[in-house]
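Visitor: structural data only, the sequence is not supplied:
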(Lines give C-alpha, C1' and ligand atoms only; values in the text may rest on other atoms or scores of the structure.)
Protein backbone atom coordinates (compact mmCIF):
# COMPACT_ATOMS: atom_id res chain seq x y z
CA UNK A 1 0.00 0.00 0.00
CA UNK A 2 1.52 3.37 -1.02
CA UNK A 3 1.81 6.31 1.37
CA UNK A 4 -1.02 8.28 -0.26
CA UNK A 5 -3.49 5.43 0.17
CA UNK A 6 -2.28 4.91 3.73
CA UNK A 7 -2.87 8.58 4.54
CA UNK A 8 -6.39 8.43 3.06
CA UNK A 9 -7.19 5.37 5.16
CA UNK A 10 -5.90 7.04 8.31
CA UNK A 11 -7.95 10.16 7.62
CA UNK A 12 -11.07 8.05 7.05
CA UNK A 13 -10.47 6.17 10.30
CA UNK A 14 -10.00 9.37 12.26
CA UNK A 15 -13.10 11.03 10.83
CA UNK A 16 -15.10 7.88 11.53
CA UNK A 17 -13.80 7.82 15.10
CA UNK A 18 -14.67 11.48 15.62
CA UNK A 19 -18.18 10.93 14.24
CA UNK A 20 -18.69 7.97 16.56
CA UNK A 21 -17.50 9.97 19.57
CA UNK A 22 -19.79 12.85 18.52
CA UNK A 23 -22.78 10.50 18.70
CA UNK A 24 -21.59 9.09 22.03
CA UNK A 25 -21.12 12.61 23.44
CA UNK A 26 -24.66 13.56 22.42
CA UNK A 27 -26.04 10.51 24.23
CA UNK A 28 -23.96 11.20 27.35
CA UNK A 29 -24.67 14.91 27.71
CA UNK A 30 -28.11 15.20 26.14
CA UNK A 31 -29.64 17.94 24.05
CA UNK A 32 -32.01 20.66 25.28
CA UNK A 33 -32.43 23.23 22.50
CA UNK A 34 -34.59 25.73 24.41
CA UNK A 35 -32.83 25.60 27.79
CA UNK A 36 -30.83 28.18 29.74
CA UNK A 37 -29.05 30.72 27.49
CA UNK A 38 -30.94 29.55 24.42
CA UNK A 39 -33.55 31.95 25.84
CA UNK A 40 -31.12 34.77 25.06
CA UNK A 41 -29.73 33.66 21.70
CA UNK A 42 -32.48 31.75 19.89
CA UNK A 43 -34.99 34.66 19.87
CA UNK A 44 -32.43 36.69 17.93
CA UNK A 45 -32.52 34.06 15.19
CA UNK A 46 -36.32 33.89 15.31
CA UNK A 47 -36.57 37.68 15.00
CA UNK A 48 -34.47 37.66 11.82
CA UNK A 49 -36.56 34.88 10.29
CA UNK A 50 -39.85 36.56 11.29
CA UNK A 51 -39.55 40.29 12.12
CA UNK A 52 -43.14 40.35 13.40
CA UNK A 53 -42.13 38.35 16.46
CA UNK A 54 -41.35 39.96 19.82
CA UNK A 55 -42.80 43.45 19.39
CA UNK A 56 -42.27 44.08 23.14
CA UNK A 57 -39.16 43.74 25.33
CA UNK A 58 -36.99 42.51 22.45
CA UNK A 59 -34.06 44.51 23.85
CA UNK A 60 -33.53 41.83 26.50
CA UNK A 61 -32.16 39.55 23.80
CA UNK A 62 -31.41 41.94 20.92
CA UNK A 63 -28.50 43.55 22.79
CA UNK A 64 -26.70 40.22 22.73
CA UNK A 65 -27.78 39.58 19.15
CA UNK A 66 -26.40 42.96 18.08
CA UNK A 67 -22.91 42.09 19.32
CA UNK A 68 -22.49 38.82 17.44
CA UNK A 69 -23.00 37.41 13.95
CA UNK A 70 -24.38 34.23 15.51
CA UNK A 71 -28.12 34.87 14.84
CA UNK A 72 -27.38 35.99 11.27
CA UNK A 73 -25.28 32.86 10.67
CA UNK A 74 -27.97 30.48 11.95
CA UNK A 75 -30.76 32.35 10.14
CA UNK A 76 -28.74 32.28 6.91
CA UNK A 77 -28.24 28.52 7.23
CA UNK A 78 -32.00 28.05 7.66
CA UNK A 79 -32.76 30.06 4.54
CA UNK A 80 -29.98 28.45 2.53
CA UNK A 81 -30.91 24.86 3.38
CA UNK A 82 -34.69 25.34 3.73
CA UNK A 83 -34.51 23.20 6.88
CA UNK A 84 -36.92 23.90 9.74
CA UNK A 85 -35.16 25.91 12.44
CA UNK A 86 -35.22 23.06 15.04
CA UNK A 87 -33.41 20.76 12.62
CA UNK A 88 -30.91 23.41 11.58
CA UNK A 89 -30.07 24.19 15.20
CA UNK A 90 -29.73 20.47 16.02
CA UNK A 91 -27.34 19.92 13.11
CA UNK A 92 -25.31 22.97 14.12
CA UNK A 93 -25.08 21.53 17.62
CA UNK A 94 -23.77 18.22 16.26
CA UNK A 95 -21.27 20.10 14.09
CA UNK A 96 -20.06 22.09 17.11
CA UNK A 97 -19.44 18.85 19.05
CA UNK A 98 -17.65 17.25 16.10
CA UNK A 99 -15.47 20.31 15.51
CA UNK A 100 -14.55 20.59 19.20
CA UNK A 101 -13.43 16.95 19.12
CA UNK A 102 -11.60 17.57 15.84
CA UNK A 103 -9.91 20.61 17.41
CA UNK A 104 -8.92 18.45 20.38
CA UNK A 105 -7.32 15.99 17.96
CA UNK A 106 -5.52 18.79 16.12
CA UNK A 107 -4.21 20.23 19.38
CA UNK A 108 -3.18 16.79 20.68
CA UNK A 109 -1.28 16.19 17.42
CA UNK A 110 0.80 19.29 18.21
CA UNK A 111 1.35 18.32 21.85
CA UNK A 112 2.12 14.65 21.09
CA UNK A 113 3.93 15.02 17.80
CA UNK A 114 5.38 11.72 16.66
CA UNK A 115 3.55 9.12 14.57
CA UNK A 116 4.27 6.32 17.03
CA UNK A 117 1.41 4.13 18.34
CA UNK A 118 1.99 5.63 21.78
CA UNK A 119 1.41 9.17 20.52
CA UNK A 120 -1.63 8.01 18.52
CA UNK A 121 -3.15 6.65 21.75
CA UNK A 122 -2.41 9.99 23.40
CA UNK A 123 -4.47 11.79 20.76
CA UNK A 124 -7.40 9.42 21.12
CA UNK A 125 -7.15 9.73 24.90
CA UNK A 126 -7.42 13.51 24.56
CA UNK A 127 -10.44 13.30 22.25
CA UNK A 128 -12.18 10.62 24.31
CA UNK A 129 -11.77 12.58 27.54
CA UNK A 130 -13.13 15.71 25.87
CA UNK A 131 -16.16 13.77 24.63
CA UNK A 132 -16.80 12.45 28.15
CA UNK A 133 -16.42 15.84 29.86
CA UNK A 134 -18.22 18.25 27.52
CA UNK A 135 -20.57 19.44 30.26
CA UNK A 136 -17.88 19.76 32.93
CA UNK A 137 -18.70 22.92 34.94
CA UNK A 138 -16.03 25.63 34.86
CA UNK A 139 -15.38 26.91 38.36
CA UNK A 140 -17.25 30.03 39.42
CA UNK A 141 -18.25 31.11 35.91
CA UNK A 142 -21.66 29.42 35.42
CA UNK A 143 -20.24 27.92 32.20
CA UNK A 144 -19.61 24.44 30.84
CA UNK A 145 -16.92 23.42 28.39
CA UNK A 146 -19.76 22.92 25.87
CA UNK A 147 -23.45 23.51 26.56
CA UNK A 148 -26.26 21.02 25.97
CA UNK A 149 -27.76 23.36 23.37
CA UNK A 150 -26.43 25.55 20.58
CA UNK A 151 -25.13 29.00 21.45
CA UNK A 152 -22.26 31.28 20.39
CA UNK A 153 -19.96 30.01 23.15
CA UNK A 154 -20.03 26.53 21.60
CA UNK A 155 -18.87 27.91 18.27
CA UNK A 156 -16.22 30.09 19.90
CA UNK A 157 -14.97 27.08 21.91
CA UNK A 158 -13.91 24.93 18.98
CA UNK A 159 -12.55 27.97 17.13
CA UNK A 160 -10.38 28.88 20.13
CA UNK A 161 -9.01 25.35 20.42
CA UNK A 162 -8.25 25.21 16.70
CA UNK A 163 -6.47 28.58 16.96
CA UNK A 164 -4.20 27.38 19.77
CA UNK A 165 -3.45 24.21 17.81
CA UNK A 166 -2.54 26.17 14.70
CA UNK A 167 -0.19 28.43 16.65
CA UNK A 168 1.63 25.32 17.89
CA UNK A 169 1.74 23.98 14.32
CA UNK A 170 3.12 27.39 13.23
CA UNK A 171 0.16 27.91 10.90
CA UNK A 172 -0.43 31.49 11.99
CA UNK A 173 -2.69 32.42 9.09
CA UNK A 174 -5.08 29.62 9.99
CA UNK A 175 -4.95 30.66 13.63
CA UNK A 176 -5.95 34.20 12.72
CA UNK A 177 -8.90 32.94 10.67
CA UNK A 178 -10.17 30.84 13.58
CA UNK A 179 -9.79 33.79 15.95
CA UNK A 180 -11.67 36.07 13.56
CA UNK A 181 -14.51 33.54 13.44
CA UNK A 182 -14.54 33.27 17.25
CA UNK A 183 -14.62 37.06 17.60
CA UNK A 184 -17.50 37.30 15.14
CA UNK A 185 -19.69 34.86 17.09
CA UNK A 186 -18.64 35.69 20.68
CA UNK A 187 -16.32 38.68 21.13
CA UNK A 188 -15.83 38.28 24.90
CA UNK A 189 -14.85 34.60 24.82
CA UNK A 190 -12.71 35.22 21.74
CA UNK A 191 -10.73 37.88 23.59
CA UNK A 192 -9.28 35.24 25.92
CA UNK A 193 -8.29 33.02 22.99
CA UNK A 194 -6.70 35.97 21.20
CA UNK A 195 -4.76 36.92 24.31
CA UNK A 196 -3.51 33.39 24.91
CA UNK A 197 -2.52 32.82 21.28
CA UNK A 198 -0.50 36.05 21.22
CA UNK A 199 1.18 35.11 24.50
CA UNK A 200 1.88 31.59 23.23
CA UNK A 201 3.40 32.92 20.01
CA UNK A 202 5.66 35.24 22.04
CA UNK A 203 6.82 32.39 24.25
CA UNK A 204 7.52 30.12 21.30
CA UNK A 205 9.65 32.79 19.63
CA UNK A 206 11.51 34.39 22.52
CA UNK A 207 11.27 31.92 25.40
CA UNK A 208 11.71 34.50 28.17
CA UNK A 209 13.26 32.92 31.28
CA UNK A 210 10.63 34.39 33.58
CA UNK A 211 6.93 34.04 32.86
CA UNK A 212 5.97 37.17 34.75
CA UNK A 213 3.53 38.60 32.24
CA UNK A 214 0.75 37.35 30.00
CA UNK A 215 -1.32 38.68 27.16
CA UNK A 216 -3.51 41.61 28.12
CA UNK A 217 -7.20 40.91 27.71
CA UNK A 218 -9.00 43.50 25.60
CA UNK A 219 -11.44 44.96 28.10
CA UNK A 220 -12.29 48.27 26.44
CA UNK A 221 -15.68 48.92 28.03
CA UNK A 222 -16.91 52.30 29.12
CA UNK A 223 -16.17 53.54 32.63
CA UNK A 224 -19.32 55.67 32.74
CA UNK A 225 -21.27 55.03 35.97
CA UNK A 226 -24.18 52.61 35.46
CA UNK A 227 -27.78 53.46 36.42
CA UNK A 228 -28.65 53.11 40.10
CA UNK A 229 -30.84 50.13 39.24
CA UNK A 230 -27.75 48.25 38.06
CA UNK A 231 -26.71 47.64 41.68
CA UNK A 232 -29.83 45.51 42.14
CA UNK A 233 -28.81 43.42 39.14
CA UNK A 234 -25.21 43.10 40.30
CA UNK A 235 -26.25 41.78 43.69
CA UNK A 236 -27.97 38.86 41.96
CA UNK A 237 -24.92 37.82 39.90
CA UNK A 238 -22.56 36.32 42.50
CA UNK A 239 -20.30 34.70 39.90
CA UNK A 240 -19.25 38.19 38.75
CA UNK A 241 -17.54 38.78 42.09
CA UNK A 242 -14.80 36.41 43.12
CA UNK A 243 -15.09 37.14 46.85
CA UNK A 244 -18.63 35.75 46.70
CA UNK A 245 -17.49 32.44 45.23
CA UNK A 246 -17.90 29.22 47.19
CA UNK A 247 -14.77 27.49 48.50
CA UNK A 248 -15.00 24.75 45.88
CA UNK A 249 -14.97 27.37 43.11
CA UNK A 250 -11.58 28.48 44.40
CA UNK A 251 -10.35 24.90 44.04
CA UNK A 252 -11.39 25.15 40.41
CA UNK A 253 -8.84 27.96 39.99
CA UNK A 254 -6.04 26.59 42.14
CA UNK A 255 -6.30 23.04 40.76
CA UNK A 256 -5.54 23.97 37.14
CA UNK A 257 -2.58 26.08 38.24
CA UNK A 258 -1.07 23.09 40.05
CA UNK A 259 -1.84 20.70 37.20
CA UNK A 260 -0.38 22.94 34.50
CA UNK A 261 2.78 23.39 36.57
CA UNK A 262 2.99 19.61 36.94
CA UNK A 263 2.35 19.00 33.25
CA UNK A 264 5.09 21.51 32.41
CA UNK A 265 7.54 19.63 34.65
CA UNK A 266 6.66 16.30 33.02
CA UNK A 267 7.06 17.80 29.54
CA UNK A 268 10.42 19.35 30.43
CA UNK A 269 11.80 16.00 31.62
CA UNK A 270 10.63 14.32 28.42
CA UNK A 271 11.80 17.08 26.10
CA UNK A 272 8.27 17.76 24.83
CA UNK A 273 8.64 21.43 23.94
CA UNK A 274 5.09 22.17 22.79
CA UNK A 275 3.52 20.58 25.85
CA UNK A 276 5.94 22.44 28.09
CA UNK A 277 5.35 25.84 26.52
CA UNK A 278 1.55 25.48 26.63
CA UNK A 279 1.60 24.36 30.27
CA UNK A 280 4.02 27.11 31.31
CA UNK A 281 2.09 29.74 29.36
CA UNK A 282 -1.22 28.86 31.00
CA UNK A 283 -0.01 29.48 34.57
CA UNK A 284 0.51 33.27 34.23
CA UNK A 285 -2.54 33.44 31.94
CA UNK A 286 -4.76 32.13 34.74
CA UNK A 287 -2.99 34.30 37.31
CA UNK A 288 -3.67 37.38 35.19
CA UNK A 289 -7.34 36.44 35.03
CA UNK A 290 -7.37 35.96 38.79
CA UNK A 291 -5.74 39.36 39.32
CA UNK A 292 -8.28 40.97 36.98
CA UNK A 293 -11.16 39.34 38.87
CA UNK A 294 -9.84 40.69 42.17
CA UNK A 295 -9.24 44.19 40.81
CA UNK A 296 -12.65 44.47 39.14
CA UNK A 297 -14.64 42.56 41.73
CA UNK A 298 -13.66 44.27 44.98
CA UNK A 299 -13.79 48.11 44.63
CA UNK A 300 -17.39 49.34 44.40
CA UNK A 301 -16.50 51.84 41.68
CA UNK A 302 -15.65 48.93 39.35
CA UNK A 303 -18.96 47.17 39.94
CA UNK A 304 -20.12 47.57 36.34
CA UNK A 305 -16.79 46.25 34.98
CA UNK A 306 -16.97 42.99 36.90
CA UNK A 307 -19.25 41.75 34.12
CA UNK A 308 -16.12 41.33 32.01
CA UNK A 309 -15.48 38.19 34.10
CA UNK A 310 -11.71 37.89 33.60
CA UNK A 311 -11.83 34.35 34.98
CA UNK A 312 -13.76 33.21 31.95
CA UNK A 313 -10.21 32.56 30.78
CA UNK A 314 -10.75 29.29 32.67
CA UNK A 315 -12.94 28.06 29.80
CA UNK A 316 -9.91 27.83 27.53
CA UNK A 317 -7.80 26.57 30.43
CA UNK A 318 -10.17 23.69 31.14
CA UNK A 319 -10.25 22.64 27.49
CA UNK A 320 -6.46 22.55 27.37
CA UNK A 321 -6.42 20.70 30.69
CA UNK A 322 -8.72 18.01 29.31
CA UNK A 323 -6.69 17.61 26.11
CA UNK A 324 -3.37 17.39 27.95
CA UNK A 325 -4.70 15.18 30.73
CA UNK A 326 -6.44 12.83 28.30
CA UNK A 327 -3.34 12.67 26.15
CA UNK A 328 -1.09 11.73 29.05
CA UNK A 329 -3.60 9.14 30.27
CA UNK A 330 -3.84 7.53 26.85
CA UNK A 331 -0.09 7.59 26.38
CA UNK A 332 1.15 6.33 29.74
CA UNK A 333 -1.71 4.72 31.66
CA UNK A 334 -4.37 3.38 29.28
CA UNK A 335 -1.95 2.34 26.52
CA UNK A 336 -3.30 -0.43 24.25
CA UNK A 337 -5.23 -2.28 26.96
CA UNK A 338 -8.93 -2.05 26.13
CA UNK A 339 -10.03 -2.93 29.64
CA UNK A 340 -8.24 0.11 31.04
CA UNK A 341 -10.06 2.41 28.62
CA UNK A 342 -13.36 0.84 29.65
CA UNK A 343 -12.60 1.06 33.38
CA UNK A 344 -11.93 4.80 33.02
CA UNK A 345 -14.50 5.94 30.49
CA UNK A 346 -17.58 3.83 31.27
CA UNK A 347 -17.97 5.07 34.90
CA UNK A 348 -16.93 8.60 33.92
CA UNK A 349 -19.48 8.76 31.10
CA UNK A 350 -22.19 7.24 33.29
CA UNK A 351 -21.50 9.84 35.99
CA UNK A 352 -21.76 12.70 33.50
CA UNK A 353 -24.98 11.21 32.10
CA UNK A 354 -26.57 10.96 35.56
CA UNK A 355 -25.54 14.53 36.37
CA UNK A 356 -27.35 15.74 33.25
CA UNK A 357 -30.46 13.75 34.11
CA UNK A 358 -30.55 15.50 37.48
CA UNK A 359 -30.32 18.89 35.78
CA UNK A 360 -33.25 18.20 33.43
CA UNK A 361 -35.32 15.54 35.23
CA UNK A 362 -38.70 16.46 33.69
CA UNK A 363 -37.48 16.47 30.08
CA UNK A 364 -36.29 13.86 27.62
CA UNK A 365 -32.51 13.43 27.79
CA UNK A 366 -32.18 14.14 24.07
CA UNK A 367 -34.95 16.43 22.83
CA UNK A 368 -35.01 15.39 19.18
CA UNK A 369 -36.27 18.09 16.78
CA UNK A 370 -39.25 16.02 15.62
CA UNK A 371 -40.32 14.75 19.05
CA UNK A 372 -43.13 15.98 21.28
CA UNK A 373 -41.82 17.36 24.58
CA UNK A 374 -42.82 15.56 27.75
CA UNK A 375 -42.14 18.54 29.98
CA UNK A 376 -45.44 20.16 31.02
CA UNK A 377 -44.12 23.72 30.81
CA UNK A 378 -42.69 23.03 27.36
CA UNK A 379 -46.04 21.62 26.21
CA UNK A 380 -47.78 24.80 27.38
CA UNK A 381 -45.22 26.99 25.59
CA UNK A 382 -45.69 25.05 22.36
CA UNK A 383 -49.48 25.42 22.63
CA UNK A 384 -48.93 29.17 23.00
CA UNK A 385 -46.80 29.26 19.85
CA UNK A 386 -49.53 27.56 17.84
CA UNK A 387 -52.62 29.20 19.32
CA UNK A 388 -51.96 32.81 20.36
CA UNK A 389 -51.43 36.01 18.33
CA UNK A 390 -47.87 36.79 17.25
CA UNK A 391 -48.05 40.20 18.96
CA UNK A 392 -49.34 38.84 22.29
CA UNK A 393 -47.51 39.99 25.43
CA UNK A 394 -47.33 37.44 28.25
CA UNK A 395 -46.65 37.63 31.96
CA UNK A 396 -45.20 34.65 33.83
CA UNK A 397 -43.72 34.11 37.25
CA UNK A 398 -40.40 36.00 36.87
CA UNK A 399 -38.56 33.06 38.42
CA UNK A 400 -40.30 30.35 36.40
CA UNK A 401 -37.08 29.03 34.80
CA UNK A 402 -35.84 27.99 38.23
CA UNK A 403 -39.01 26.15 39.30
CA UNK A 404 -38.89 22.37 39.84
CA UNK A 405 -40.14 20.64 36.72
CA UNK A 406 -39.60 23.65 34.45
CA UNK A 407 -36.08 22.49 33.50
CA UNK A 408 -35.01 26.02 32.53
CA UNK A 409 -37.13 26.07 29.38
CA UNK A 410 -36.95 29.54 27.83
CA UNK A 411 -40.37 31.06 27.17
CA UNK A 412 -39.37 33.37 24.31
CA UNK A 413 -37.27 30.67 22.65
CA UNK A 414 -39.97 28.02 22.79
CA UNK A 415 -43.26 29.95 22.71
CA UNK A 416 -41.95 32.64 20.32
CA UNK A 417 -43.92 35.32 22.15
CA UNK A 418 -43.03 38.49 24.06
CA UNK A 419 -43.07 38.50 27.85
CA UNK A 420 -42.38 40.84 30.74
CA UNK A 421 -38.87 40.76 32.20
CA UNK A 422 -37.90 37.71 34.26
CA UNK A 423 -35.52 37.10 37.15
CA UNK A 424 -33.23 34.64 35.37
CA UNK A 425 -32.13 35.41 31.82
CA UNK A 426 -33.30 39.02 31.52
CA UNK A 427 -31.33 39.68 34.69
CA UNK A 428 -28.30 38.32 32.87
CA UNK A 429 -28.89 40.61 29.91
CA UNK A 430 -29.26 43.59 32.24
CA UNK A 431 -26.03 42.67 34.01
CA UNK A 432 -24.15 42.81 30.71
CA UNK A 433 -25.87 45.94 29.39
CA UNK A 434 -26.46 48.29 32.37
CA UNK A 435 -28.99 50.65 30.70
CA UNK A 436 -31.43 47.72 30.57
CA UNK A 437 -31.36 47.46 34.35
CA UNK A 438 -33.85 50.35 34.78
CA UNK A 439 -36.55 48.68 32.70
CA UNK A 440 -35.73 45.26 34.15
CA UNK A 441 -36.05 46.40 37.77
CA UNK A 442 -39.35 48.19 37.14
CA UNK A 443 -40.97 45.18 35.51
CA UNK A 444 -39.64 42.71 38.05
CA UNK A 445 -40.84 44.85 40.95
CA UNK A 446 -44.30 45.08 39.37
CA UNK A 447 -44.44 41.27 39.29
CA UNK A 448 -43.24 40.85 42.86
CA UNK A 449 -44.93 38.13 44.94
CA UNK A 450 -46.25 36.58 41.74
CA UNK A 451 -47.95 33.63 43.39
CA UNK A 452 -50.06 35.96 45.51
CA UNK A 453 -51.23 38.07 42.57
CA UNK A 454 -54.96 37.94 41.84
CA UNK A 455 -57.11 38.91 38.90
CA UNK A 456 -57.06 42.59 39.92
CA UNK A 457 -53.24 42.58 40.00
CA UNK A 458 -53.08 41.04 36.54
CA UNK A 459 -55.49 43.72 35.32
CA UNK A 460 -53.05 46.32 36.71
CA UNK A 461 -50.27 44.74 34.62
CA UNK A 462 -52.55 44.82 31.59
CA UNK A 463 -53.26 48.51 32.08
CA UNK A 464 -49.60 49.41 32.56
CA UNK A 465 -47.83 47.12 30.08
CA UNK A 466 -50.52 45.79 27.77
CA UNK A 467 -50.23 42.11 28.69
CA UNK A 468 -52.99 40.01 27.16
CA UNK A 469 -52.08 36.53 28.43
CA UNK A 470 -50.55 34.93 31.51
CA UNK A 471 -49.05 31.55 32.33
CA UNK A 472 -49.80 30.55 35.91
CA UNK A 473 -49.01 27.44 37.91
CA UNK A 474 -51.90 25.24 38.92
CA UNK A 475 -54.40 26.08 40.31
CA UNK A 476 -53.75 29.82 39.63
CA UNK A 477 -55.98 32.82 40.40
CA UNK A 478 -59.74 32.35 40.21
CA UNK A 479 -61.91 34.01 37.59
CA UNK A 480 -59.59 33.69 34.60
CA UNK A 481 -60.51 32.26 31.21
CA UNK A 482 -57.92 29.59 30.51
CA UNK A 483 -58.18 27.82 27.13
CA UNK A 484 -55.22 25.55 27.91
CA UNK A 485 -54.07 23.74 31.03
CA UNK A 486 -52.11 20.67 32.03
CA UNK A 487 -50.93 19.19 35.31
CA UNK A 488 -48.39 21.98 35.88
CA UNK A 489 -49.72 25.24 34.41
CA UNK A 490 -52.66 27.11 32.92
CA UNK A 491 -52.56 29.54 29.99
CA UNK A 492 -55.12 32.30 30.56
CA UNK A 493 -56.41 35.43 28.86
CA UNK A 494 -56.31 38.78 30.60
CA UNK A 495 -59.20 40.89 29.27
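Guide: Thanks, I have it. Remember, predicted model here, so these are calculated numbers, not experimental data.
Visitor: now the stretch 151-300 of the chain, which segments are flagged as low pLDDT?
Guide: Across the stretch 151-300 of the chain, residues meeting the criterion (pLDDT under 70) sit at 206-244, 297-300.
Visitor: run the last query once more with 90
Guide: Applying pLDDT under 90 to the stretch 151-300 of the chain flags the ranges 188, 201-253, 269-273, 288-300.
Visitor: which residues in it form helices?
Guide: Using DSSP state H, counting those that start in this stretch, the helices of the stretch 151-300 of the chain run over residues 152-168, 172-185, 187-206, 230-235, 247-270, 273-297.
Visitor: residue 81: neighbour count?
Guide: 11 (other C-beta atoms under 10 Å). In this view, the C-beta of every residue, glycine as well, is placed from N, C-alpha and C.
Visitor: burial measure for residue 116, as a count.
Guide: 11.
Visitor: next one: residue 385
Guide: 12.
Visitor: element containing it, please.
Guide: For residue 385, the host element (DSSP states H and E) is helix 376-387.
Visitor: which pLDDT value goes with residue 41?
Guide: pLDDT, residue 41: 93.
Visitor: look up the closest residue to residue 75, ignoring the ones flanking it.
Guide: Distances taken as C-beta to C-beta, 6 or more residues apart in numbering put residue 48 closest to residue 75, at 4.1 Å, once the chain neighbours are dropped.
Visitor: I'd say the one you found and residue 72 touch.
Guide: Yes. Contact status for residue 48 versus residue 72: in contact at 6.5 Å, counting by C-beta atoms under 8 Å.
Visitor: if we can go back for a sec, list the buried residues in the helix or strand following the helix holding residue 385.
Guide: Next in sequence after helix 376-387, counting helices and strands by DSSP H and E, comes strand 393-396. By 16 or more other C-beta atoms under 10 Å, the buried positions in strand 393-396 come out as 393-396.
Visitor: re earlier: now mean neighbour count too, for the helices of the stretch 151-300 of the chain, in JSON lines please.
Guide: JSON lines is the format used below for the helices of the stretch 151-300 of the chain (neighbours: other C-beta atoms under 10 Å):
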{"stretch": "helix 152-168", "mean neighbour count": "27"}
{"stretch": "helix 172-185", "mean neighbour count": "18"}
{"stretch": "helix 187-206", "mean neighbour count": "20"}
{"stretch": "helix 230-235", "mean neighbour count": "19"}
{"stretch": "helix 247-270", "mean neighbour count": "15"}
{"stretch": "helix 273-297", "mean neighbour count": "21"}
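Visitor: residues in contact with the nearest residue to residue 183 once chain neighbours are set aside?
Guide: Spatial nearest neighbour of residue 183, excluding adjacent residues (C-beta to C-beta, 6+ apart): residue 190 at 3.9 Å. Residues in contact with residue 190 (C-beta atoms under 8 Å, 6 or more residues apart in numbering) are 156, 159-160, 179, 182-183.
Visitor: for residue 331, give its distance to residue 391.
Guide: Counting by C-beta to C-beta, to the nearest Å, the gap from residue 331 to residue 391 is 60 Å.
Visitor: how about residue 58?
Guide: For residue 58, the distance to residue 391 - C-beta to C-beta - is 12 Å.
Visitor: joint contacts of these two?
Guide: residue 418.
Visitor: rewinding a little: what angle separates the helix or strand the residue nearest to residue 75 falls within from helix 152-168?
Guide: Per DSSP H and E, residue 48 falls inside helix 38-49. Here the directions of helix 38-49 and helix 152-168 differ by 100 degrees (axes from the mean of the first three to the mean of the last three C-alpha atoms, to 10 degrees).
Visitor: quick one: buried residues of helix 38-49?
Guide: 38-48.
Visitor: so which of those is the closest to residue 111?
Guide: residue 41 (32.2 Å; C-beta to C-beta).
Visitor: touching, that closest one and residue 64? I think so.
Guide: Yes. Residue 41 is within contact range of residue 64, at 6.6 Å (criterion: C-beta under 8 Å).
Visitor: and the contacts of stretch 85-101?
Guide: 18-19, 21-22, 25-26, 31, 33, 42, 45-46, 49, 74, 77-78, 81, 83, 127, 130-131, 134, 146, 149-150, 154-155, 157-158, 161-162, 368-370.
Visitor: I misspoke; the intended subject was stretch 261-274.
Guide: 110-113, 168, 275-276, 279-280, 283, 324-325, 328.
Visitor: and it, how far from the chain's centre?
Guide: Stretch 261-274 sits 31 Å away from the centroid of its parent chain (C-alpha atoms, centre = their mean, to the nearest Å).
Visitor: go on, stretch 360-367?
Guide: The answer for stretch 360-367 is 18 Å, by C-alpha atoms, centre = their mean.
Visitor: what residues of it count as buried?
Guide: So for stretch 360-367, counting by 16+ other C-beta under 10 Å, buried means 360, 362-365, 367.
Visitor: now swap in stretch 90-101 and tell me
Guide: 90, 92-94, 96-101.
Visitor: cool, stretch 475-495 as well?
Guide: 476-477, 480, 482, 485, 488-492, 494.
Visitor: same deal with stretch 54-70?
Guide: Those buried within stretch 54-70 under the rule 16+ other C-beta under 10 Å are 54, 56-65, 68-70.
Visitor: residues contacting the spatially closest residue to residue 139 that is not a sequence neighbour?
Guide: Closest residue to residue 139 apart from its sequence neighbours, by C-beta to C-beta, 6+ apart: residue 252 at 2.1 Å. By C-beta under 8 Å, 6+ apart, the contact set of residue 252 is 138-140, 314.
Visitor: go again using 10 Å as the cut-off
Guide: 136-141, 245-246, 311, 314, 317-318 (C-beta atoms under 10 Å, 6 or more residues apart in numbering).
Visitor: farthest pair within these?
Guide: 246 and 317 (18.9 Å).
Visitor: neighbour-wise, which of the two wins?
Guide: Counted by other C-beta under 10 Å, residue 246 and residue 317 do not tie: residue 317 has more neighbours, with 26 against 12.
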